[in-house]
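Asker: Got a predicted model here, sequence first, then my questions.
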Amino acid sequence: FIASGIVSYAPNKSNSQAPLPTKPLSDIKSVNPFAKLPLYFEENQGQTNKDVQFISRGAGYTLFFTEDETVLSLRNQQKGESSSVMRMRLQGENKQPMQFKGKDSLPGEINYLIGRNKSKWLQNVKGYKDIVATGVYPGIDLRYHGDQQQLEYDFIVAPGADADVIRMSYMSILRAAYSL
């Protein structure tokens with residue numbers, strides 16, 4: 001049994017005066033060739049707050065995955081700063097801290113070569129197609145995956161486990177949760 005959810009993100013183009021499309025959405029071809037690229041997850045090796053286990057970045061957003069919550073931070077496209085944050089948390093007395101592991105390693109590595117001090121550079125950071133937290137509830141795992149505009153999550157429920165214990169809360173705020 002797999003229970004799934006989707007969190008979608010479409011950049012706000014408030015300065016655009018284009019009329020709304022009259023065709024069904026299924027008939028419209030994406031104008032962004034990168035929109036369907038897979039989302040990738042980087043293990044945190046010091047490139048962000050120490051409480052973050054994995055991070056994922058896309059056009060206009062950053063995702064942070066901690067043991068307590070998943071945080072979606074949207075950036076103001078004009079100013080380049082965080083404009084709003086959405087937090088997703090598991091609820092309930094049987095929930096366990098999330099300990100994420102990367103699954104399906106992607107080819108290549110990510111390097112942060114910032115500044116002249118080589119001792120502060122981060123090199124060979126692995127990227128993953130999915131991340132999984134096992135045992136978030138008894139017999140239930142949580143998997144994240146998606147593409148550049150859509151984060152998807154699946155609860156993977158083992159035979160005999162109680163899917164009714166799954167509870168999530170969402171909170172939206174207007175300031176940054178974690179610095180980049």
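Answerer: Sure thing, it's come through.
Asker: which non-adjacent residue is nearest Thr62?
Answerer: Ser73 (4.8 Å; Cβ to Cβ, 6 or more residues apart in numbering). Every C-beta, even on glycine, is put in place using the N, C-alpha and C of the backbone.
Asker: so which strand or helix has that neighbour?
Answerer: In the assignment (DSSP states H and E), Ser73 maps to strand 69-75.
Asker: Show me what that strand is packed against.
Answerer: strand 61-65, strand 82-91 (3 or more Cβ pairs under 8 Å, 6 or more residues apart in numbering; DSSP states H and E).
Asker: Among the ones you listed, show the one with the smallest mean pLDDT.
Answerer: Ranked on mean pLDDT, the bottom entry among the helices and strands packed on strand 69-75 is strand 82-91, at a mean of 86.
Asker: ok, and for that one, which residues are buried?
Answerer: 82-83, 85-90 (16 or more other Cβ atoms under 10 Å).
Asker: which pair in those spans the largest distance?
Answerer: Greatest spacing in these, by Cβ to Cβ: Ser83 and Leu90 (25.6 Å).
Asker: returning to that earlier point: could you point out the member of the buried residues of strand 82-91 that lies closest to Asp130?
Answerer: Nearest to Asp130 among the buried residues of strand 82-91, with distances taken as Cβ to Cβ, is Met88, at 16.8 Å.
Asker: what's near enough to touch the closest one?
Answerer: Neighbouring residues of Met88 by Cβ atoms under 8 Å, 6 or more residues apart in numbering: 7, 69-72, 168-170.
Asker: which among those end up buried?
Answerer: So, of those, 7, 69-72 end up buried under the neighbour-count rule (16+ other Cβ under 10 Å).
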